[in-house]
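*Asks:* What follows is a predicted protein model with its sequence.
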Amino acid sequence: MTALEVKNLQKSFGKTQVLKGIDFSLDKGQVLVILGSSGSGKTTLLRCLNFLETPDTGSITVGGKVLYDSNDAATLDDETIRQNRLHFGLVFQNFNLFPQYTALQNVTLAPTLLKKATPQAIEEQGKQLLTRVGLADKMGNYPYQLSGGQQQRVAIARALALHPEVLCFDEPTSALDPELTSEVLRVIRGLKSADSTMIVVTHEMDFARSVADKVIYMADGVIEEMGTAEEVFENPQREKTKAFLRGAKEAF
Amino acid sequence: MSFLEVTAFLFEGFKISLLIFAVTLLCGAPLGLPIAFCSMSRFKVVKAISKVFVWIIRGVPLMLQIFIIYYVPGLLFDFQIFSQVDRYFFIEYGIADAGRIFAVLIAFTINYACYFSEIYRGGIESISRGQYEAGYVLGLTKSQIFRKIILKQVIQRIVPPMSNEIITLIKDTALANCIVVCEIIKQAKELAATKALVWPLFYTGVFYLLFVGVLTIVLGQVEKKLKYFRS
Ligand SMILES: Nc1ncnc2c1ncn2[C@@H]1O[C@H](COP(=O)(O)OP(=O)(O)O)[C@@H](O)[C@H]1O
Ligand SMILES: [Mg+2]
């Protein structure tokens, strides 16, 4: 079953075209890993999917429902965009936790404000999610009392609390000290299941290879290569992909 | 005149100083908010008008602004509204200076609202875009994001600069004596003129110091209360 379909997504900032026509689709339960060097447009793509940027052209379809179509102005008003965002979740590179709330409050804030369930049920869910990401003993801590890796795990729990159909991660471990990346990657890997569709932008090659059902290599705003993890990692077709993978190998 | 009598006489004036302080704070602090939002408006005209207004109010001495508020209506329309208010309140209620105090309150409120607006603007603009975006991604509305996420962080950041302004404010109330409002220094000058007593003028400093001491403690407590998180 197709969970997400992206067609001809284009986005420019002023005169620079950052996304030059992105097409891909993703089945329910699949994990898509996006690779690409800095500046290739990965973040912009995730921001378009989460409606933090409005694409210039193209369409985004989730579970058969057209959320955005540049030819249909009705998909563009504020309230529609807000509703659309609920289909996606986004975990940021630098966490963006709310500093005045505890770990648990960070997780329960949005479900509470959006009246997703009774307060007791929301709190119960929050505790379960934090337990799931290994933070059962840190629920009452404020973000400044947590390490980077713990903060990122709270951010993951926060995103999960709204049950997004597609959960996106933008370089979730890039802001972390090397010794903290594995705990976050382990949590993300643990989320992989038949009904959680995920898109992960990462530079962690071993992780990418082991978790991905599908891999996209982006360069200069286009999909340079797309395939299964095995196809892209073992047998890349394009020169740019080969060079990128060689570079990644040398770096570690 | 005994020390106690002088103290009581000066305290009558200090009540006026405190009145100016309280009204300016209670009216100026909320009024600063719409001005801050105008200064950050997407509409260029609104933004420009707001910025020019703030520039003028912050760029001209407060004493001059008091003179302008007090005298200009009379010069323009030949109607000295504040003197009329003065007379009315004196005849009806036996209260002196009401019109002058009213003029001072208007000048102070506008002046401080502009200073506060700049503090608010700085506080709001210092919150990272990521905080808004984290809210958007969770499907929250703009107003929920402002009220539930941004506001408290802004308050935490603006308390120290606000404390500064508030402490400056109590001392600025002395400017009211430029249009002969009977605040504490005016009272002391009266004693110098009529009773040849100069020391009460210096004694007024004690009133300010005690009040600023109380303010410092209270504002310090507020600051401490808000320090439970770090952003
Ligand atoms: N808001 C923006 N305004 C102008 N240029 C931007 C903006 N956001 C991203 N860009 C540009 O778009 C390009 C792609 O950025 P990005 O999507 O962040 O790439 P990546 O995440 O792959 O490193 C970069 O050249 C960047 O400078
Ligand atoms: Mg990026």
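*Replies:* Structure's in. What do you need? Ligands and ions are numbered 1, 2, ... in the order given.
*Asks:* what's the closest residue to residue A:171 other than its chain neighbours in contact with, if anything?
*Replies:* The spatially closest residue to residue A:171, leaving aside those adjacent along the chain, is residue A:93, at 4.6 Å (CB to CB, 6 or more residues apart in numbering or on different chains). Backbone N, C-alpha and C define where each C-beta goes, glycine included. Shown in contact with residue A:93 (CB atoms under 8 Å, 6 or more residues apart in numbering or on different chains): A:170, A:171, A:172, A:174, A:175.
*Asks:* at 6 Å instead, please
*Replies:* A:170, A:171, A:174, A:175 (CB atoms under 6 Å, 6 or more residues apart in numbering or on different chains).
*Asks:* ok, which residues in the stretch 1-150 of chain A are in contact with chain B?
*Replies:* Within the stretch 1-150 of chain A, the positions near chain B by CB under 6 Å from any CB of the partner chain are A:50, A:52, A:82, A:85-86, A:90, A:96, A:98-100, A:110, A:113, A:142, A:144.
*Asks:* Okay, and which of these map to strands?
*Replies:* Applying DSSP state E to the residues of the stretch 1-150 of chain A next to chain B, the entries found in strands are residue A:90.
*Asks:* Which positions in chain B make contact with chain A?
*Replies:* Chain B has residues B:130, B:133-134, B:137-140, B:144, B:149, B:152, B:229-231 near chain A, with proximity defined as CB under 6 Å from any CB.
*Asks:* Can you tell me which of these is closest to residue A:34?
*Replies:* Of all those, residue A:34 sits closest to residue B:137, with 17.7 Å by CB to CB.
*Asks:* mind checking pLDDT for the closest one?
*Replies:* Per-residue pLDDT puts residue B:137 at 97.
*Asks:* Which residue comes closest to it once chain neighbours are left out?
*Replies:* residue A:90 (4.5 Å).
*Asks:* Check residue A:91 too.
*Replies:* Residue A:91 sits nearest to residue A:169 (CB to CB, 6+ apart), 4.6 Å away.
*Asks:* Residue B:11 now?
*Replies:* Using CB to CB, 6+ apart and skipping the chain neighbours, the partner closest in space to residue B:11 is residue B:207 (7.5 Å).
*Asks:* Ok, residue B:132 next?
*Replies:* Leaving aside its sequence neighbours, residue B:132 sits nearest to residue B:145 (CB to CB, 6+ apart; 5.8 Å).
*Asks:* so where's the stretch 1-150 of chain A uncertain?
*Replies:* A:75 (pLDDT under 70).
*Asks:* what about the strands in it?
*Replies:* Here the stretch 1-150 of chain A has its strands, by DSSP state E, counting those that start in this stretch, at A:2-13, A:16-27, A:31-36, A:57-62, A:65-69, A:88-91.
*Asks:* With distance to residue A:106 added, can I get the ones you listed in JSON lines?
*Replies:* Listed next are the strands of the stretch 1-150 of chain A as JSON lines, based on distance: least, CB to CB, whole Å:
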{"stretch": "strand A:2-13", "distance to residue A:106": "26"}
{"stretch": "strand A:16-27", "distance to residue A:106": "28"}
{"stretch": "strand A:31-36", "distance to residue A:106": "25"}
{"stretch": "strand A:57-62", "distance to residue A:106": "25"}
{"stretch": "strand A:65-69", "distance to residue A:106": "26"}
{"stretch": "strand A:88-91", "distance to residue A:106": "13"}
